[in-house]
Every structure is written in structure tokens, then in C-alpha cells.
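Peer 1: Give me the fold of what follows.
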Amino acid sequence: MMNRMIVSNLVHRPLRSVISIVAIAVEVSLILLIVGLSMGILNDSAQRTLGVGADLMIMPPGSSWLQGLGGAPAPIGIADKVAALPHVQAVSPVVAQLNTAGTLEVIYGIDLASFEKMGGPFRYLSGGPLQGPNDVLVDDYFADLKKVHVGDRIEIFNQEFRVAGIVLHGKGARKFVPITTLQDLTGSKNKASIFYVKVEDPKDIESVKQAILAIPGMQQYHVRSMPEYLSLMTVRNTPGLSTFIDIVIGVAVVIGFIVIFQAMYTAVMERTREIGILKSMGASKLYIVNVILRETILLAVAGILLGTAASFLARAGLLARFPTTRVEITGDWVLRATLIAITGAILGAIYPALRAAQKDPIDALAYE
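Peer 2: The predicted model follows:
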């Protein structure tokens, strides 16, 4: 009986119900897409870093663990010192430079020969290796997105580069230029941002790490194994990202709270006489509160389902339009978004529900 009455109440006011459902859907979509985009970028970067094939990473003291944010402050001669250590198979210096022109990306300046010793040669889908100082390699995702072909010209840091080859994605960056070229463009001659290290046997990783830190002048350098580095690439460890996500969630909760509060408060005012009839028939305060909260939860569930479906559709659209963009919608965050939306909706409905429960049945029946 109660459930039929609740559904009838919502159907009787379709516009208000639809607006409430859409508002909660927007709340859920906002959380899932923002968090999914953040996690997707981090995890994509982690997988591409792992794809380099190195066992250790060396970064200068004081540098951010986020590649490309620390410039290239380390002397490139470090590579020779590390390469001379026992059990070191290869060392590859890399200049990782953040590029914000048009899109946010990290450009790699590499020594092709040593870089390919990390995880094997690039897999060329078309074209071939870097030949000159103004050549660039791009991965297939970037090539598909920008409709780039071998021989085309693209601009990087206000300089024109010829696309020498298109390679399979997954090896660090999406664009690779000669290390000396990027050093000249960024004013970091004979400097590097990162040193990738390949050891002879995985069991030697820790001993090589300690040997690197024992080199005079390198005690303050950050030397991390790949698992250690990847463990840092989380939302909570990324500067400012966790705060940004918390703000987004807070805004989403406020949206849900305000819309539900307005909808339920207005519904209570419009149904004053109905509430009076229920109370005159013996309905308790708890019964009235229960009716209002059940309506709210039903609206919230409908909004959550709509918002989750919209998020998956939006993700598919983004991937089709921007192949380099990754949006990860996990079951964990769907559950969190659900709890957040329901909590915000219930908070928004509590005052209207309590106000309805406090109405005097005689006054309510006399209400016009």
C-alpha cells in the first residue's frame, strides 16, 4: 500500500520527479567521470612507464616523481657512472619535458640505441627510426587522433618536426625526439630528467640500487624500482589531485542536497492536506517520515542508474573522439558514488520529512 502511494505521488508530479532524477544523475556522472579521468590518466601513465622495460629509475633530488614536471637538472654523465657498476646491463638517459601547447603531454628526448636496450626495439607500424635532429616518433594513438602519417610535419615547442615513424603505443611517451634536440630546446645541454636502468637479473635490483646510492654525490638522488615508482602513482599521492576530487565530490553532494531539499520541501507544502488525512487516520510521525524518505531513495536510485549509464556512454564517446584519453570507471567508485548520492539525497530530505511529521492533523485538514 505504501509503495503504491509513493509511486503514485512521484508519477503525479512528473516534471519535478524528472528534474530530481536528472540532478542526481548529474551528481553521479560528475563523480564517476572526474575520478575516472584522473585514474585513467594516472594508470595509463603507469602502464606506459612500465612499458619502457627498465628495472630502476633514477631521478634528481628535489624532483617531482611526476615525469616532465622537474625539467632536466641531472648531469648526463651519471649514465656512464651507473653503467660501470656490476650487474648493470644498460642505462638510458631521458629528457622528459611537459608540453601544454594544445594538450597536456610529456615529450621524451631519447638516445634511441640505449632506450631500446631497456625493453627491446620499438615496433614500427610505419616508417622507421629517428634519422636527424628534427625527426620525431609518434605512437599509433596520437597518429590516429591527429590523422598523422609518416613524412608529415608537426610542431613541438614552436619547432617543426618530421614524423619519421609511427610506433606501437606503450613505451613511456607518445612522442619521442632525439635527446640532444630536446636538450637544446629546453636549455638543458648535457642534462637529463630520468635515467632508466636495466639490470642483468631481477634479483640484482636491490644491490644495484644500493650501489647507485653509494656513488659520490648521488646519496640524495631518488632511485626506485619500477614497483616502487608505480606504487606512488595513485590519486592520493598526486599533488593537488586528491583535493580537486574532494572538491568535485563536495560540489556534487551540494547539487544533490539542494535539488532534493527543494523537491521534497515543495512536495510537503503541496501535500499538507494529504498528510493531514494520513495523520487523522492514525499514521504516526515515523510513518510520515518513512514515506518522504522512501520517495527520496526511489528518486536517488533512479538517478544513480541514469547517471551510471550516462557515465559509461560518455566514456565510450570520449574514447571514440579522443583515443589517447583513458576514463576508468571501477566498481569501487560506482559504489562510492551510489553511497554519496544516497547520503546527499537523504540529508536533503530529512528536514522536509521532519516538518511533514510535525504537522498538526487539524491544521493540515483545514489547509487550502
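
Peer 1: What number of residues are in the vicinity of F257?
Peer 2: Here the number of neighbours of F257 (other CB atoms under 10 Å) works out to 19. Any C-beta I mention is one placed from the backbone N, CA and C, and that applies to glycine too.

Peer 1: swap that for S38, please
Peer 2: Per other CB under 10 Å, the neighbour tally for S38 reads 19.

Peer 1: from what I can see it touches S242, true?
Peer 2: No: with contacts defined as CB atoms under 8 Å, S38 does not count as touching S242, sitting 9.2 Å away.

Peer 1: if I pick E160, what's in contact with it?
Peer 2: Applying CB atoms under 8 Å, 6 or more residues apart in numbering to E160 gives the contacts 134, 153-154.

Peer 1: And for F142?
Peer 2: Taking CB under 8 Å, 6+ apart as the test, what F142 contacts is 148, 174-175, 324.

Peer 1: could you pull out the helices for the chain?
Peer 2: Counting by DSSP state H, one finds helices in the chain at the ranges 2-12, 14-50, 78-83, 112-119, 140-146, 179-186, 205-213, 226-232, 241-270, 272-280, 285-321, 331-357, 361-366.

Peer 1: Flag the shaky bits of the protein, pLDDT-wise.
Peer 2: Along the chain, the model assigns pLDDT under 70 to residues 1-13, 63-72, 101-103, 234-241, 264-265, 267-285, 288, 353, 355-368.

Peer 1: quick one, domains of the chain?
Peer 2: According to automatic domain parsing, the chain is divided into the following domains: 2-43+240-366, 61-220.

Peer 1: Including distance to L232, could those domains go into JSON lines?
Peer 2: Listed next are the domains of the chain as JSON lines, based on distance: least, CB to CB, whole Å:
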{"stretch": "domain 2-43+240-366", "distance to L232": "10"}
{"stretch": "domain 61-220", "distance to L232": "5"}
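
Peer 1: Looking at these, which is nearest to S231?
Peer 2: Nearest to S231 among the domains of the chain is domain 61-220 (10.4 Å), distances taken as CB to CB.

Peer 1: now the closest one, how far from the chain's geometric center?
Peer 2: Computed by CA atoms, centre = their mean, to the nearest Å, the separation of domain 61-220 from the middle of its chain amounts to 24 Å.

Peer 1: closest one to M226 among the domains of the chain?
Peer 2: Taking the domains of the chain one by one with CB to CB, domain 61-220 is closest: 8.8 Å.

Peer 1: Start and end of that closest one, how far apart?
Peer 2: Its start and end residues considered, domain 61-220 measures 5 Å (CA to CA, to the nearest Å).

Peer 1: what do you get for stretch 212-227?
Peer 2: Separation of the first and last residues of stretch 212-227 by CA to CA is 18 Å.

Peer 1: A25 and G307 touch, don't they?
Peer 2: Yes: checked against CB under 8 Å, the pair A25 and G307 is within contact range at 3.6 Å.

Peer 1: The two: which has the busier surroundings?
Peer 2: Neighbour totals were compared for A25 and G307, and G307 leads with 27 against 22 (other CB under 10 Å).

Peer 1: Cool, thanks, talk later.
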